[in-house]
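> sequence unknown, structure follows:
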C-alpha cells in the first residue's frame, strides 16, 4: 500500500527480500528472558528458538552466500532514478526460487489493488525484478526534487 500512497509524492517504496545470508547476526541474538511467561504461549513459545536454529543451520552451511549480492542490490536501488526502482528485489537465486510463487501472485493481484484504490498509474512502474538496471546518476547541476533549488525553478 505504501507504494500506491507515496508514489504521487515522488517517493519510491520498495521491498528487498534478501533471504538468509552468512552474517554475524546471531552474535547479537537475544532470546526470551522469562521462560515462565513464554511457556504460556503454548507451541509458539519456541518460535525464537526455531528461528535461531534455522539461522545457525544456514550460517554453517557451505553454500550459504555472504552479503555481497544484497549490498549490491541496495546500492543499485539507491542509485536508480526515481520511478525506476523495482517494487520487489530478490538479490539471490536461492531466495528467488523460494519466493517465486509468492511474488507471482503479488504481481498478479497488484493491478486489481491499484484499480480498487484508483491508483492504476502506479502499476506502470517496475513491479518486480531480480536484476535492477544500472542507475543513471544525477548530474551535479541537476537539483534534487523538493530541494530549494528545484522549487525556485
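That came through, no problem. Predicted model only: the values in this text are computed from it and were never measured. Numbers count the residues shown, from 1 in each chain.

> what's residue 19 in contact with, if anything?
By Cβ atoms under 8 Å, 6 or more residues apart in numbering, the contact list for residue 19 reads 90, 91, 92, 94, 95, 98, 99. Just so you know, the C-beta spots here come from the backbone N, C-alpha and C atoms, and that holds for glycine as well.

> Those, buried ones only, as a ChimeraX selection?
Filtering the contacts of residue 19 down to the buried ones (16 or more other Cβ atoms under 10 Å) takes a single ChimeraX command:
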select :90,91,92,95,99
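
> Save the contacts of residue 19 as CSV, and put in distance to residue 79 too.
Shown next, in CSV, are the contacts of residue 19 (distance: Cβ to Cβ, whole Å):
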residue, distance to residue 79
90, 18
91, 15
92, 20
94, 25
95, 22
98, 27
99, 24
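
> and of the contacts of residue 19, the nearest to residue 16?
Using Cβ to Cβ, residue 91 is the member of these that sits closest to residue 16, with 7.2 Å.

> what's the burial count for residue 77?
18 (other Cβ atoms under 10 Å).

> same thing with residue 117?
Neighbour tally, residue 117, other Cβ under 10 Å: 12.

> That one and residue 7 touch, don't they?
No - using Cβ atoms under 8 Å as the test, residue 117 is too far from residue 7 to be in contact (11.1 Å).

> for the chain, what helix or strand is lowest in average pLDDT?
When each helix and strand of the chain is scored by mean pLDDT, DSSP states H and E, helix 148-152 comes last, with a mean of 46.

> Please name the nearest non-neighbouring residue to residue 15.
residue 88 (4.9 Å; Cβ to Cβ, 6 or more residues apart in numbering).

> Surely the one you found touches residue 18?
No - contact criterion Cβ under 8 Å: residue 88 and residue 18 do not qualify, at 11.5 Å.

> Please enumerate the strands of the protein.
Secondary structure of the chain, counting by DSSP state E: strands at 15-16, 88-89.

> partner strands of the first one, parallel or antiparallel?
Meaning strand 15-16. strand 88-89 (parallel) (DSSP bridges).
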